[in-house]
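Trainee: Could you look at this predicted model? Sequence included:
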Amino acid sequence: MTERPVLAVIGAGPAGLAAALAAAARRVHVVLVDSAAEPGGQFYRQPARRLGARRPQALHHQWRTWERLSEGLVAHLAAGRVTHLSDHHVWCVERESDGRKTTGFTVHALLGPEQERSVAVRADGVLLATGAYEKVLPFPGGTLPGVVTAGGAQAMLKGGLALPGRTAVVAGTGPLLLPVATGLAAAGARVTALVESADPRDVARRARGLAAQPAKLTEAAGYAVRLARHRIPVMARHTVLEAHGRDRLESVAVAALDTEGRAVPGTERRLTCDTLAVGHGLLPHTDLAEGLGCRLDGPAVQVDEEQRTDVPGVWAAGETTGIGGAGLSLAEGHIAGRSAAAHLYGTAPDPGEWAAAARSRTRLRAFFAELDGAYAAPVRWTERLTDATVVCRCEEVTAGAVREAVGALGAGDLRTVKLLTRAGMGWCQGRMCEPGVAGIADCELTPGRRLLARPVPLGVLAAPPEPRRRPGEPTSPR
Amino acid sequence: MVVGAGMVGAACALYAARAGLDVVVVDRGPVAGGTTGAGEGNLLVSDKEPGPELELALLSGQLWSELAQELGEAIEYEPKGGLVVAATPEALTALTELAAGQRTAGVETIGVAAGQLHEVEPHLAPGLAGGVLYPQDAQVMPTLAAAHLLRASGARRETGRTVTGVLRGADGAVRGVRTDRGDFLAPAVVNAAGTWGGEVAALAGVTLPVLPRRGFVLVTEPLPRRVRHKVYAADYVADVASDSAALQTSPVVEGTAAGPVLIGASRERVGFDRSFSLPVVRELAAGATRLFPFLAGVRAMRTYLGFRPYMPDHLPAVGPDPRVPGLFHACGHEGAGIGLATGTGHLIAQTLAGRTTDLDLTPFRPDRFPEEAAP
Amino acid sequence: MNPLDLARARPGTPFTVTFDGREIEALPGQTVAAALWSAGVTSWRTTRGAGRPRGVFCGIGVCFDCLVTVDGRPGLRACLVPAVPGADIRTQEGTGHDD
């Protein structure tokens, strides 16, 4: 073991990889802790190795960037500068202190898909690159098998080379719908519609932002070509009213939206499909940051110019600090890795070192702020929910129950609605239903404060804390 | 005017309204936003030694079972009974003595020999010395209970308003409260602010030594009903009665109607520190798996914390404050506020209406502490 | 076109797993969810309240909708767990725990 300081990077997506490479290049020992079997995160999710994919790039965008990250990782792994712990599901990051200041961190992770044993990894600093998950607003029929998140359809395709069915509708709002629709079509699904609630004119009005982003402009043009090539009809300013089917999805009802966000009478159509891939944007994963006591800014972890959180020794980069895509994650990861390396050696970093990444960060944050405005969540969607519509998938809580908690029982915030209805108390701990519940209750989407980032067997919790090994070395599993 | 929309405030509102009073409930947060929303909803007689708190618990238990006739399902009232188990013969002797005293005070107790424990709780660990079953122990879902009692009271609900002052007339008597969004006039103000009751008392110019005692709860994945009663180890009673500021944990395990098993109980005096403590949660898990070994393979889904309103002698403050005419206190119930809420609300309503109270309020007098004992 | 051809995959030898006693074919490296999807199965859980069918929703281990019982072990996320030869995959009903 070296005397190098140890930085635990949690998450091996674009931000985590960029951070790991940046820190490892500055003589920090990086322990890259990630829940997947292969690095890449959601954006660069790789097919399982044993599927023997010889052309995985057919499922991906910006493949050259991935090759650069991947080669860098391989080189650092070979040189022993990075330890990659795959299939490690972090459930808690514990801060240690001598009563006055932080002396280090222990990262607790459950092993493998079974997640029945836990290991502890010691580190001098922690860099959170935990990414994001998909936001899906509820609608009648939304729990039918065959209804999946847009990102979920993509993940199953990229990782498992599997399609949920043959005929798909892609719906919701946001830039993710484009690669999902074209990706499903390229893989052989018939995509009968891309249903986007936003107005293309709003997106076009953001062309000033787009114009400053030649790469983004090219990307957008590329999608237009692919949509045409696969003959995917785009239904802009439309929404899914309801998913139909008995025990699985059979069709969806869609309708046009007027400028007030109301469904236009007479425009309703039924689209036959066995798959509905739906998404309304992304939400940052902030559980580990909240457990550490990091300050949030809205739904995202708050960071400074160096990507430091307000907890000393903890950095955050990528979509956990706000949604902005892979390019922004790379820039933030690089800055965070460089900053962490300097501070872990007790020196002040030179921001000149990451000037290019900082410029790219500024540009991309501005671009995504504008895009976010254009793809703002649809309005009046709650009016289309019947009282029987399931909002909390885990506990099967309906829109009617949420309305009663607000109306008759006086709940005015997410926590009280949860306590009164059980919405958000189930397996997913509210990650899926919170945006929907907040919308119906007309209250703020406040962070859920999930102190355990994943379910943990009580036997694992009950075992005495693992003996601390040398920094960076995982302890034996228990 | 009730300050506090937690369980105790809701019960005060209900019984005061039923005594014919016009009631307004004000709270800076939502309904059940404080300790009520962070609790398990215990209605217990088993953990109380004979004395005024046990009398209040027995009165409250009776009132809860009456309320359950009208609201039982809505508030998830479950008269499931408590089972206290002893690991050693010495602990069993102490437990049996406690139970004998409780029986004299009117508590139903049933001794359970070691060999019968598994008939009562099939999944209990082997090798326990014995236990005592308390059929009167029950449970409600506390947030639902507070919300439904408040609704049933018909009281005006003024949540999201922070009380910034207690208005007093020239004669010193209470005239109402000032909030950040206007004044509310009332001849009587009930301080049901729970853990924050000391702050409300201070606004009226009196001291009331309410301190926070932090507790964590662990919640498991949903399960079939494998834990039938509220089950806890005999040393829990000693922890409840302890004055130590240091961390104490004793396992308290119970199944719920909704499926998850709830695991407590930790007690520590660390002020209003909301940070996560993995060592505390580890101790809770260790205690629970010792009582119920099958839990080792069950997953904890979440953990949360709350602050019990603790008073130096472990008794709540209930009744009029002789130092300020028109000010009443109903707070400081520590970890028993849900269970004791109905009795507290009933007694407060009786005093507000000028009737003779069913229990002697002397032990609960809010001015019973010497001034220097205030924090 | 299908996803395997698109990525020019040359998976190892297929093997069988059982789903509620019925044999289905799976590829090395596939998750239980991917194997079930490829066999045309979209639901493998019923909810503990209304008994409604559920399958994959988020696909990345966040939503826990795809819980399944594999070799007697309940509450596994089908989107994370790899299919292995001979695995006994069963529809998970309710909590997945017997009493």
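Mentor: Done, it's in.
Trainee: would B:Ser250 count as being in a helix?
Mentor: No: counting by DSSP: H, G, I helix; E, B strand; the rest coil, B:Ser250 is not found in a helix; it is strand.
Trainee: residues in contact with it?
Mentor: B:Tyr232, B:Ala233, B:Asp235, B:Tyr236, B:Ala238, B:Asp239, B:Ala265, B:Gly287 (C-beta atoms under 8 Å, 6 or more residues apart in numbering or on different chains). For every residue, glycine as well, the C-beta is placed using N, CA and C.
Trainee: Can you name the residue of the stretch 151-300 of chain B nearest chain C?
Mentor: Using C-beta to the nearest C-beta, the single residue of the stretch 151-300 of chain B nearest to chain C is B:Pro224, 3.8 Å away.
Trainee: Now, the contacts of B:Ser250 that are in helices?
Mentor: B:Asp235, B:Tyr236, B:Ala238, B:Asp239, B:Gly287 (DSSP state H).
Trainee: Farthest-apart pair in the residues you listed, please.
Mentor: Across the ones in helices among the contacts of B:Ser250, no pair lies farther apart than B:Ala238 and B:Gly287, at 14.1 Å, counting by C-beta to C-beta.
Trainee: Those two: who's more crowded?
Mentor: B:Gly287 (24 against 14; other C-beta atoms under 10 Å in any protein chain shown).
Trainee: how close does the closest residue to the more buried one other than its chain neighbours sit to chain A?
Mentor: Leaving aside its chain neighbours, B:Gly287 sits nearest to B:Pro251 (3.1 Å; criterion: C-beta to C-beta, 6 or more residues apart in numbering or on different chains). Between B:Pro251 and chain A the computed distance is 11 Å (C-beta to the nearest C-beta, to the nearest Å).
Trainee: who touches B:Pro251 in this structure?
Mentor: B:Tyr232, B:Ala233, B:Tyr236, B:Ile263, B:Gly264, B:Ala265, B:Leu284, B:Gly287, B:Ala288, B:Arg290, B:Leu291.
Trainee: least confident pick among those?
Mentor: Lowest in pLDDT among the contacts of B:Pro251 is B:Tyr236, which has 71.
Trainee: Surely it touches B:Ser266?
Mentor: No: with contact defined as C-beta atoms under 8 Å, B:Tyr236 does not reach B:Ser266; the gap is 11.0 Å.
Trainee: who has more neighbours, these two?
Mentor: Ranked by neighbour count (other C-beta under 10 Å), B:Tyr236 and B:Ser266 place B:Ser266 first, with 25 against 21.
Trainee: what comes up buried for stretch A:165-179?
Mentor: Residues A:165, A:168-179 are the ones in stretch A:165-179 that count as buried (16 or more other C-beta atoms under 10 Å in any protein chain shown).
Trainee: ditto for stretch A:274-289
Mentor: Within stretch A:274-289, the residues that count as buried by 16+ other C-beta under 10 Å are A:274-289.
Trainee: still on that earlier bit, nearest to chain A among the contacts of B:Ser250?
Mentor: Distances from chain A to the contacts of B:Ser250, taken by C-beta to the nearest C-beta, are shortest for B:Gly287, at 8.2 Å.
Trainee: Just to be sure, B:Arg178 is in a strand?
Mentor: Yes: according to three-state DSSP, B:Arg178 belongs to a strand.
Trainee: Show the pLDDT at it.
Mentor: On the pLDDT scale, B:Arg178 gets 96.
Trainee: The residue of the stretch 151-300 of chain B closest to chain C is in contact with C:Gly96, isn't it?
Mentor: No: using C-beta under 8 Å, B:Pro224 is not in contact with C:Gly96; the gap is 9.6 Å.
Trainee: More neighbours: the two, which one.
Mentor: It is C:Gly96, of B:Pro224 and C:Gly96, that has more neighbours when counted by other C-beta under 10 Å, with 21 against 13.
Trainee: Which strand or helix spans the more buried one?
Mentor: Per DSSP states H and E, C:Gly96 falls between elements, in no helix or strand.
Trainee: Where does the prediction get shaky in the chain?
Mentor: As the question left the chain open, I've gone with chain A. Scanning chain A for pLDDT under 70 picks out A:1-2, A:206-212, A:465-478.
Trainee: my bad, the chain I had in mind was chain B
Mentor: Looking along chain B with the criterion set at pLDDT under 70, you get B:239-241, B:372-375.
Trainee: mind giving me the domain ranges of chain A?
Mentor: A:6-133+A:283-370, A:149-279, A:378-447 (automatic domain parsing).
Trainee: Select, out of those, the one closest to B:Gly343.
Mentor: Once these are compared by C-beta to C-beta, domain A:378-447 is nearest, at 23.5 Å.
Trainee: Which element, helix or strand, includes A:Glu116?
Mentor: Using DSSP H and E, no helix or strand contains A:Glu116.
Trainee: can you count the residues close to it?
Mentor: 16.
Trainee: Check the gap between it and chain C for me.
Mentor: Taking C-beta to the nearest C-beta, one finds A:Glu116 at 9 Å from chain C.
Trainee: With adjacent residues omitted, what lies nearest to that residue?
Mentor: For A:Glu116, the spatially nearest residue (C-beta to C-beta, 6+ apart) is A:Pro457, at 5.8 Å.
Trainee: Please name the bridge partners of the one you found.
Mentor: Residues in a beta bridge with A:Pro457, per DSSP bridges, are B:Arg299.
Trainee: Same question for C:Arg73.
Mentor: C:Val70.
Trainee: cool, and B:Gly82?
Mentor: What pairs with B:Gly82, by the bridge criterion (DSSP bridges), is B:Tyr134, B:Lys230.
Trainee: Count the neighbours of it for me.
Mentor: 25.
Trainee: okay but A:Val33 is in contact with A:Asp87, surely?
Mentor: No: using C-beta under 8 Å, A:Val33 makes no contact with A:Asp87, being 10.0 Å away.
Trainee: For those two, work out which one has more neighbours and name it.
Mentor: Counted by other C-beta under 10 Å, A:Val33 and A:Asp87 do not tie: A:Val33 has more neighbours, with 28 against 18.
Trainee: Tell me who's in contact with the residue lying closest to C:Leu27 once chain neighbours are set aside.
Mentor: Nearest-residue entry for C:Leu27: C:Pro11, 4.4 Å, with adjacent residues in sequence omitted and distances by C-beta to C-beta, 6+ apart. The contact partners of C:Pro11, by C-beta under 8 Å, 6+ apart, come to A:Arg50, A:Leu51, A:Gly52, C:Leu4, C:Leu27, C:Pro28, C:Gly29.
Trainee: How confident was the prediction at the fifth one?
Mentor: To tie it back to what came earlier, the one meant is C:Leu27. In this model, C:Leu27 carries a pLDDT of 96.
Trainee: Counting neighbours, what do you get for it?
Mentor: By other C-beta under 10 Å, neighbour count at C:Leu27 equals 23.
Trainee: try the last one
Mentor: Counted with other C-beta under 10 Å, residues neighbouring C:Gly29 total 23.
Trainee: That one - that's part of a strand, no?
Mentor: No: secondary structure assignment (three-state DSSP) places C:Gly29 in coil, not in a strand.
Trainee: so it touches A:Ala53, yeah?
Mentor: No: judged on C-beta under 8 Å, C:Gly29 makes no contact with A:Ala53 at a distance of 9.2 Å.
Trainee: Now do the shared contacts for the two.
Mentor: Common neighbours of C:Gly29 and A:Ala53 (C-beta under 8 Å, 6+ apart) are A:Pro47.
Trainee: Now do the contacts for A:Gly281.
Mentor: A:Glu134, A:Lys135, A:Thr173, A:Gly174, A:Leu176, A:Ile323, A:Asp372, A:Tyr375, A:Ala377.
Trainee: ranges for the strands of the stretch 101-250 of chain B?
Mentor: B:110-113, B:130-134, B:138-139, B:156-159, B:163-168, B:174-179, B:182-185, B:189-191, B:211-220, B:230-233, B:248-255 (DSSP state E, counting those that start in this stretch).
Trainee: likewise the stretch 251-375 of chain B?
Mentor: Under DSSP E, counting those that start in this stretch, the stretch 251-375 of chain B gives strands at B:261-267, B:299-310, B:317-320, B:327-331.
Trainee: Same list, these, but as a markdown table with distance to A:Gly293 please.
Mentor: Below are the strands of the stretch 251-375 of chain B laid out as a markdown table (distance: least, C-beta to C-beta, whole Å):
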| stretch | distance to A:Gly293 |
| --- | --- |
| strand B:261-267 | 19 |
| strand B:299-310 | 13 |
| strand B:317-320 | 33 |
| strand B:327-331 | 29 |
